[in-house]
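Student: Here is the input, now give the coordinates:
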Amino acid sequence: MVGLGSGLGLFLAPSASVDGRVFAGARYRDVSVEVGGEATVPTSMQLDDRSGFRYQYLAGTLALCGHLGWWSACGVGKLGKIRIRGYGVDNPSSASGVQTSAGGRLALTHRLWGPISGMVRADWLASLTPWTVEINHTTTWSTAGSGVHLGLDVEGTFE
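Tutor: Here you go, the predicted structure:
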């Protein structure tokens, strides 16, 4: 299978984040593996003094899934690069580094037409590498312990 989708992350970034993803996978009977890549649209956090930062995340994903009819449950892991860029400060610096997360997914897949299916999914992800953003030596934002990612995908299946 190959596919693409979009999603909405809650509590995974400084504000709700929108992303796009591409993925490919293979399924044998009731078990599948999926690899993919995703990127968020930059989000911002602005303080009262108009200083702030922009956040963006690029990641590779891996999911191991079990299937029962239209439903699937998966273990999900993400390894990515977080980018932080400050603005409205005297000496802006740009930071980047590794951010990892792991969790689970529950999905509902329905065949739409021929080999094309639609999927609705919900991921719960725990942050394995915490991040803290400081502006003017004051903590502005820290990664939450966990968050939710909701998404819609379209995939094509080859048999």
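Student: tally of neighbours for Tyr57?
Tutor: 22 (other Cβ atoms under 10 Å). For the C-beta atoms, the positions are set from N, CA and C on the backbone; glycine is no exception.
Student: Dump stretch 34-42 to PDB, keeping only the CA atoms.
Tutor: Output in PDB follows, covering the C-alpha atoms of stretch 34-42 (Å, rounded to 0.1, in the frame of the first residue of the first chain):
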ATOM      1  CA  GLU A  34       4.100   1.000   7.700                       C
ATOM      2  CA  VAL A  35       7.000   3.400   7.200                       C
ATOM      3  CA  GLY A  36       6.400   7.100   6.400                       C
ATOM      4  CA  GLY A  37       7.500  10.700   6.700                       C
ATOM      5  CA  GLU A  38       5.600  13.700   7.900                       C
ATOM      6  CA  ALA A  39       6.100  17.500   8.200                       C
ATOM      7  CA  THR A  40       4.200  20.000  10.200                       C
ATOM      8  CA  VAL A  41       3.200  23.500   9.000                       C
ATOM      9  CA  PRO A  42       5.200  26.000  11.100                       C
END
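Student: List of residues touching that stretch?
Tutor: Residues from elsewhere that reach stretch 34-42 (Cβ atoms under 8 Å, 6 or more residues apart in numbering): 1, 7, 9, 13, 17-25, 54-63, 65, 74, 78, 80.
Student: Longest strand in the chain, by number of residues?
Tutor: strand 94-113 (DSSP state E).
Student: Show me what secondary structure element comes after that strand.
Tutor: Stepping forward along the backbone from strand 94-113, the first helix or strand reached (DSSP states H and E) is strand 116-127.
Student: Helix, strand, or coil at Gly7?
Tutor: Following DSSP: H, G, I helix; E, B strand; the rest coil, the label given to Gly7 is strand.
Student: quick one, phi/psi of the nearest residue to it once chain neighbours are set aside?
Tutor: Sequence neighbours aside, Gly151 is the residue nearest to Gly7 in space, at 3.3 Å (criterion: Cβ to Cβ, 6 or more residues apart in numbering). Backbone torsions of Gly151, given as degrees, to the nearest 10, read phi -150, psi 160.
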